[in-house]
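In: kindly generate the corresponding structure for this input.
(one chain, ligands or ions: 2)
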Amino acid sequence: MCGSLIGGATLINMVCDKKTAFKLVDQLFSWYEATPFPSDISNNLAHEKKFLVDKYKSTKILKQTVSKSQLCHISVTRWCKASGYATASHERSERCARVTADVAAFTAQLLNKHADGLVESAYAMSATATECRSCHAKGKTFEEGGWTRGKMDCDECHGTRGKEINVAEGHYTD
Ligand code: HEC
Ligand code: HEC
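Out: Numbering: from 1, shown residues only. Ligands and ions are numbered 1, 2, ... in the order given. This is a model prediction of the structure:
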């Protein structure tokens, strides 16, 4: 799991009741999966050295990627491959610092919206997860596929790249 999400989810759980925390963490995770990082805001703040820190690993404007996953492994690798920077580079460290800033800011916004009584339904699960979860979700019968309970974008791991997922014809046959 991307550590920035652990931070955001922990904070949400410290100040919300369990049911609310479930909803907000789901939104935080769905937003993360679909958002290009680092955002323009954090790219520019770092470029102009306007974060409240003294040291920067890099002040370059960094390439943005959509992680399509909450996992550190996928998020980092996708960014490294798109940017051409290795995992041990200063730029990669800086990229993750900016992602953390983006996640912290978004978490604060989610909590503020919730405190203002606004309905937070803007960030939904991916279309694939929604579709697959019509059978593969908690609470369904075993025979229908109810032996999973994930909410991540299924396609990321189960889709064979470049091939269509075809539920009707028995998923991915080869
Ligand atoms: C209409 C209900 C239904 C939907 C929708 C559905 N599944 Fe399934 N899935 C099943 C059932 C039932 C099985 C077990 C029987 C079998 O192996 O064919 C299964 C088996 C699987 C398996 C085990 C290996 C395999 O290929 O048989 C995987 C992986 C899987 N589903 C992933 C997915 C993903 C990803 C999606 C969304 C793209 C999805 N399923 C949508 C009902 C469904
Ligand atoms: C981060 C990767 C990842 C994501 C995302 C993911 N899965 Fe899986 N899934 C796995 C792995 C790994 C297994 C175990 C495969 C094995 O051991 O055969 C698995 C197993 C399954 C199985 C049982 C497969 C079998 O052979 O019986 C089903 C069904 C399944 N996942 C459905 C889903 C659905 C539906 C989603 C989206 C809501 C999803 N998965 C998202 C990695 C993932």
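
In: show the pLDDT at Thr59.
Out: On pLDDT, Thr59 comes in at 97.

In: that one contacts Ala46, doesn't it?
Out: Yes - taking C-beta atoms under 8 Å as the definition, Thr59 is a contact partner of Ala46 at 5.8 Å. Bear in mind the C-beta positions are built from the backbone N, C-alpha and C, glycine included.

In: the most centrally placed residue in the chain and ligand 2, how far apart?
Out: Nearest residue to the geometric centre of the chain (C-alpha atoms, centre = their mean): Tyr32, 2.6 Å. Relative to ligand 2, Tyr32 is positioned 13 Å away (C-beta to the nearest ligand atom, to the nearest Å).

In: check Ala124 too.
Out: Ala124 sits 13 Å away from ligand 2, going by C-beta to the nearest ligand atom.

In: how many other residues sit next to the nearest residue to that residue once chain neighbours are set aside?
Out: Using C-beta to C-beta, 6 or more residues apart in numbering and skipping residues adjacent in sequence, the residue nearest Ala124 is Ser30, 6.0 Å away. Other residues lying near Ser30 total 20 when counted by other C-beta atoms under 10 Å.

In: Ser30 is in contact with Ala127, isn't it?
Out: No - using C-beta under 8 Å, Ser30 makes no contact with Ala127, being 11.3 Å away.
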